[in-house]
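Student: below are the sequence and a predicted model for it; my questions follow.
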Amino acid sequence: MQRDSYELKDSAASISMGLGNVAIGLLAKGIILGALSLFYQFKIAEIPISWWSWVLLFFAEDLSYYWMHRISHRSKFFWASHVVHHSSQHYNLSTALRQTWTGPFFTFIFWLWLPLIGFHPIMIMTQMSISLLYQFWIHTEAVDKMPQWFEAIFNTPSHHRVHHASNPRYLDRNHAGILILWDRLFGTFEPESVQEKPIYGLTKNIDSFNPVYIAFHEWKDMITNFFGSGLSMKDRLRYLVKPPGWQHKGNGMLAEDIRKNWENSEHNSSE
């Protein structure tokens, strides 16, 4: 397997995004803890802190991450935040640091069911941090494949390279945090093909290393579309909830459209 490739400007932008995320995260963590604690007051059960509750939480938290991540690729509002992480055309450990400045303030809603069923907020936030720490090492091209049993169960560099690729074959696949089992279960798994090297970045790259632009360019586009002239309120709301690429005139290309066009071309070329 090849070594990771780094570009100074790209890595500097990723590190800047990471530092901003940490600074903003100090405030966001207080909000998240407050929200989790509030919902914990209305818990329907009380789950004790023990070895078995940590095991249960491991699976429950990872499932929450999967759905947050998947919806972040399916809703313009959530994508406006998550696109930051996909904006690099490189794939290395610095890419893992390219994190949103806005997401921490609202993506926590996908975890609010956990205190309701009785998990303590501190347990939840601890497991959330463990999940993010795990995902750091998988941002690399230096590791080809892990052992087969590991690839079958866990998210790996190979699986996550697919997730960061803009190839039609790979779009919107492998949303796992720690366990790739969720993608296999819910039909979003795609193996890395030896015949097709991942092309990293977006289907339309931003070509900027400015951290402020990286953080807010998609928000700007979404808000501009929302306040566009002559739109019905229904279409304005669609610019918030519809998948990236959606256009009210019907001429937008969604990820599934790009994939379908690719599948048709593959089918035609094989005839």
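Tutor: Structure received. Numbering: from 1, shown residues only.
Student: so what's the closest residue to residue 68 other than its chain neighbours up against?
Tutor: Sequence neighbours aside, residue 110 is the residue nearest to residue 68 in space, at 3.9 Å (criterion: C-beta to C-beta, 6 or more residues apart in numbering). C-betas here are computed from N, CA, C, even on glycine. By C-beta atoms under 8 Å, 6 or more residues apart in numbering, residue 110 lies in contact with 64-65, 67-68, 71.
Student: what about 10 Å?
Tutor: 61, 63-72, 78 (C-beta atoms under 10 Å, 6 or more residues apart in numbering).
Student: do the same with residue 261
Tutor: By C-beta under 10 Å, 6+ apart, residue 261 lies in contact with 168, 253.
Student: how far does stretch 174-190 stretch from one end to the other?
Tutor: End-to-end span of stretch 174-190 (C-alpha to C-alpha, to the nearest Å): 6 Å.
Student: cool, and stretch 139-148?
Tutor: Start-to-end span of stretch 139-148 (C-alpha to C-alpha) is 19 Å.
Student: in that stretch, which residues are buried?
Tutor: For stretch 139-148, burial by neighbour count (16 or more other C-beta atoms under 10 Å) applies to 139-141, 146.
Student: one more: stretch 18-25?
Tutor: 18, 20-21, 24-25.
Student: same check on stretch 58-74?
Tutor: Across stretch 58-74, burial judged by 16+ other C-beta under 10 Å covers 60-66, 68-74.
Student: columns distance to residue 188 and pLDDT on top of those residues, output as JSON lines?
Tutor: Shown next, in JSON lines, are the buried residues of stretch 58-74 (distance: C-beta to C-beta, whole Å; pLDDT from 0 to 100):
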{"residue": "60", "distance to residue 188": "19", "pLDDT": "99"}
{"residue": "61", "distance to residue 188": "18", "pLDDT": "99"}
{"residue": "62", "distance to residue 188": "14", "pLDDT": "99"}
{"residue": "63", "distance to residue 188": "13", "pLDDT": "99"}
{"residue": "64", "distance to residue 188": "16", "pLDDT": "99"}
{"residue": "65", "distance to residue 188": "13", "pLDDT": "99"}
{"residue": "66", "distance to residue 188": "9", "pLDDT": "99"}
{"residue": "68", "distance to residue 188": "13", "pLDDT": "99"}
{"residue": "69", "distance to residue 188": "10", "pLDDT": "99"}
{"residue": "70", "distance to residue 188": "7", "pLDDT": "99"}
{"residue": "71", "distance to residue 188": "12", "pLDDT": "99"}
{"residue": "72", "distance to residue 188": "13", "pLDDT": "99"}
{"residue": "73", "distance to residue 188": "9", "pLDDT": "98"}
{"residue": "74", "distance to residue 188": "10", "pLDDT": "98"}
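Student: from these, which single one is nearest residue 243?
Tutor: Among the buried residues of stretch 58-74, residue 74 lies closest to residue 243 (C-beta to C-beta), at 5.1 Å.
Student: for that closest one, which non-adjacent residue is spatially closest?
Tutor: Using C-beta to C-beta, 6+ apart and skipping the chain neighbours, the partner closest in space to residue 74 is residue 243 (5.1 Å).
Student: what's the least confident helix or strand in the chain, going by average pLDDT?
Tutor: Ranked by mean pLDDT, DSSP states H and E, the weakest helix or strand in the chain is helix 255-270, scoring a mean of 83.
Student: isn't residue 168 right next to residue 258, touching?
Tutor: Yes - using C-beta atoms under 10 Å, residue 168 is in contact with residue 258, at 4.9 Å.
Student: pretty sure residue 60 is touching residue 111, no?
Tutor: Yes - the pair residue 60 / residue 111 is scored as a contact, 9.0 Å apart, by C-beta under 10 Å.
Student: pull up the overlap in contacts between these two.
Tutor: With contacts defined as C-beta under 10 Å, 6+ apart, the residues shared by residue 60 and residue 111 are 119, 124, 127.
Student: wait, doesn't the last one sit right on residue 49?
Tutor: No - contact between residue 127 and residue 49 fails when scored by C-beta under 10 Å: they sit 11.8 Å apart.
Student: which residue of these two possesses the greater neighbour count?
Tutor: Taking neighbours as other C-beta atoms under 10 Å, residue 127 and residue 49 compare with residue 127 leading, 22 against 11.
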